[in-house]
Structures are given as C-alpha cells and as structure tokens.
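Novice: Here is my input, please return the structure:
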Amino acid sequence: MTEDDPTDEISDIEDRIERLAEIAERCRKYILASKIAIGSGAALLLATILGLFGLGQTAALGSIALVLGGIVSLGSNISTLRQTDDAIGAAEARRSALIGSIDLRVVADTPMKLV
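Specialist: Reported below is the predicted structural model:
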C-alpha cells in the first residue's frame, strides 16, 4: 500500500466494515435472546409464586437465574453493539475521506455506446 494509492486501504476498510457488521448482527441476536430470557424467567417466576403449575423452589431459583443472566447478557451485548456501531461509523468516515482524496479524472472523449 502506497501513500499515493489509497485503494488498498479502502479495500481493507470495507473488509473491516463487513466484519463489524457481522458482529453487530450477532449482538442484535443475543440482545433478542436476552430479552426473551428475561421475559420467560419473569413469567416462570410469577407462575412459581402464584403456584399455578405446582412448581417448586428449584423452578423459582432457576427463573431468578434466568432473569439475572438475561440482564447481564443484555447489558454486555448492548455496550458491545454501541462500540461496534461507533467503529463502523469511524471506518465509514475514513473510507469516505479516502475516496474523497482520490484525484478522479473526467474522460470526455469516449463515445457513448450504452445510451
């Protein structure tokens, strides 16, 4: 990669943006799973407290663990998603700056064949 030709760096940045987009999508999936875990844990805890299905103390402890695990996973993945989105924004800004720095030439003498 040379200083005068930023195309290699642009290609590297685009690869990085794709990898970051995959990480962001994975975080969104984990966030959804965490919300489902919190909701199902809360519903199970409520059912246990009300004695609807004859569930015991083990189900109550499991539901509390499910809610707490969901909360921890949710917080972790939200912060990772924010950091990834910030990194994507910075990479896109750098890519735009590199594309803007390329000295493009207008070729006016070519015939219009595809018109």
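Novice: Contacts only, for Glu92.
Specialist: By CB atoms under 8 Å, 6 or more residues apart in numbering, the contact list for Glu92 reads Ile17. Just so you know, the C-beta spots here come from the backbone N, C-alpha and C atoms, and that holds for glycine as well.
Novice: any idea how far it is from Gly51?
Specialist: 54 Å (CB to CB, to the nearest Å).
Novice: who does the helix or strand Glu25 falls within touch, helix- and strand-wise?
Specialist: Using DSSP states H and E, Glu25 falls within helix 7-50. For helix 7-50, the elements it packs on are helix 57-101, judged by 3 or more CB pairs under 8 Å, 6 or more residues apart in numbering; DSSP states H and E.
Novice: Centre of the chain to the helix it packs on, how far?
Specialist: Put simply, helix 57-101 sits 6 Å off its chain's centre (CA atoms, centre = their mean, to the nearest Å).
Novice: Same check on stretch 10-17?
Specialist: 17 Å.
Novice: Need the mean per-residue confidence for that stretch.
Specialist: Stretch 10-17 comes out with an average pLDDT of 93.
Novice: Need the contact partners of that stretch.
Specialist: Ile88, Ala91, Glu92, Arg94, Arg95, Leu98, Ile99.
Novice: and that stretch, C-alpha only, in CSV?
Specialist: Extracted in CSV, the C-alpha atoms of stretch 10-17 (Å, rounded to 0.1, in the frame of the first residue of the first chain):
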residue,chain,number,x,y,z
ILE,A,10,-10.2,1.4,1.1
SER,A,11,-10.5,-2.3,0.4
ASP,A,12,-9.2,-3.1,3.9
ILE,A,13,-11.6,-0.7,5.5
GLU,A,14,-14.5,-2.2,3.6
ASP,A,15,-13.5,-5.7,4.8
ARG,A,16,-13.4,-4.3,8.4
ILE,A,17,-16.8,-2.8,8.0
